[in-house]
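>>> attaching a predicted model along with its sequence, questions to come.
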Amino acid sequence: MPKRSKRYLQLRQLIDRNRFYTLDEAVGLLKQLATAKFDETVELAIKTNIDPRKSEEQIRGTISLPHGTGKDVRVLVFAKGNEAEEAKEAGADYVGAEELIEKIQNEGFVDFDVAIATPEMMRFVGKLGKILGPRGLMPSPKSGTVTQDVAKAVKEFKAGRVEIRNDRTGNLHLPVGKASFEEDKLKENIKEAVRQINSMRPQAVKGKFIEKIAVAPTMGPGLKLDLSSLEVS
C-alpha cells in the first residue's frame with residue numbers, strides 16, 4: 001500500500017470511512033477535501049457486478065455530462081479529405097492520416113485524450129492497437145469514436161462527452177467535473193453520469209448492477225455514496 005502524505009492523512013480525519021454519505025453531504029465535503037494548489041478533478045469510482053472475463057458483460061460507451069468535465073480535452077482525428085477539414089473546423093487538436101499513424105508508431109506520440117477515426121481509416125489505424133489499446137485510446141464504434149460524422153464527435157467530446165470502459169476488475173472510473181464547480185453543477189453531473197451508466201447495464205448481468213459508488217478529488221480521500229440518494233436501487 002503506498003505511503004500517504006501528511007496532508008492526505010489530515011484530510012482523511014475529516015471523513016468517516018464507514019459512513020455512506022448522501023450526495024448533498026459528499027459534494028459539500030469535497031470542497032473541504034480539495035486543498036491542492038491546482039483545480040482538482042472530481043472523480044467517480046463505480047463498483048459493478050459484471051464479470052469482466054465475459055465479453056457479453058463488458059461496459060463500453062460514452063456519456064454526456066450536462067456541465068462538462070472542466071478539462072480541456074485534446075482530440076485527435078484520423079481522417080482524409082472533407083472529413084479532415086470538417087474535423088479541423090470543429091476544433092480537433094490533431095488531424096491526419098498515414099502520417100499521423102507513423103508519428104504514433106515511430107515516435108510514441110500519445111499526447112491526446114480521445115482518438116476519433118472515419119470507418120475507412122480503421123484498416124490503417126488497426127495497426128496501432130498495441131499502442132492505443134492499453135491506454136484506452138483505440139477508436140471504437142461502441143464508444144462513438146469510429147464515425148463518418150467526425151465534426152459532431154469532436155464537438156461532443158470537447159463539450160464534455162466522456163468515454164466509459166470497465167477495467168479488469170469490472171470497475172468504472174470517470175471524471176465528473178472540477179472542485180471549483182458550483183455544488184449544484186457537480187451534483188447534476190454526478191446524477192446524470194450514474195443515470196446514464198445505469199442504462200448501460202449489460203443484459204447478461206444478474207442481480208444488482210451497481211454495487212458501490214465513491215467520489216473523490218484527485219489528491220484527496222474518497223467518500224462512499226448512499227446509493228438511495230442517487231436513485232440507484
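Perfect, thanks for sending it. In this text the structure is predicted, and so the values were computed from the model without any measurement. Residues are numbered from 1 along each chain as shown.
>>> after the longest helix out of those in the chain, next one along is what?
Criterion DSSP state H: the longest helix present in the chain is helix 183-198. The helix or strand immediately downstream of helix 183-198 is strand 210-217, counting by DSSP states H and E.
>>> which helices and strands sit right next to the helix or strand that that following strand is followed by?
Where DSSP H and E defines the elements, the next helix or strand beyond strand 210-217 is strand 223-224. Where contact means 3 or more C-beta pairs under 8 Å, 6 or more residues apart in numbering; DSSP states H and E, strand 223-224 is packed against helix 23-33, strand 210-217. For the C-beta atoms, the positions are set from N, CA and C on the backbone; glycine is no exception.
>>> pull the contacting residues for Tyr94.
Shown in contact with Tyr94 (C-beta atoms under 8 Å, 6 or more residues apart in numbering): 74-77, 100, 112.
>>> got the domain ranges for this structure?
14-68+161-230, 75-159 (automatic domain parsing).
>>> can you put those domains in JSON lines and add distance to Lys6?
What follows is those, written out as JSON lines (distance: least, C-beta to C-beta, whole Å):
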{"stretch": "domain 14-68+161-230", "distance to Lys6": "12"}
{"stretch": "domain 75-159", "distance to Lys6": "32"}
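>>> touching, Ile46 and Phe209? I think so.
No: using C-beta atoms under 8 Å, Ile46 is not in contact with Phe209, being 9.7 Å away.
>>> of these two, who's got more company?
The residue with more neighbours, out of Ile46 and Phe209, is Ile46; 25 against 18, by other C-beta atoms under 10 Å.
>>> helix or strand: which one has that one?
Ile46 belongs to strand 41-48 when assigned by DSSP H and E.
>>> what angle separates that strand from strand 210-217?
170 degrees (axes from the mean of the first three to the mean of the last three C-alpha atoms, to 10 degrees).
>>> can I get strand 41-48 in PDB, CA atoms only?
Extracted in PDB, the C-alpha atoms of strand 41-48 (Å, rounded to 0.1, in the frame of the first residue of the first chain):
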ATOM      1  CA  THR A  41     -10.700  16.900 -10.800                       C
ATOM      2  CA  VAL A  42     -13.600  15.200  -9.100                       C
ATOM      3  CA  GLU A  43     -13.600  11.500  -9.900                       C
ATOM      4  CA  LEU A  44     -16.300   8.900  -9.600                       C
ATOM      5  CA  ALA A  45     -15.400   5.200  -8.900                       C
ATOM      6  CA  ILE A  46     -18.200   2.700  -9.500                       C
ATOM      7  CA  LYS A  47     -18.100  -0.900  -8.500                       C
ATOM      8  CA  THR A  48     -20.300  -3.000 -10.700                       C
END
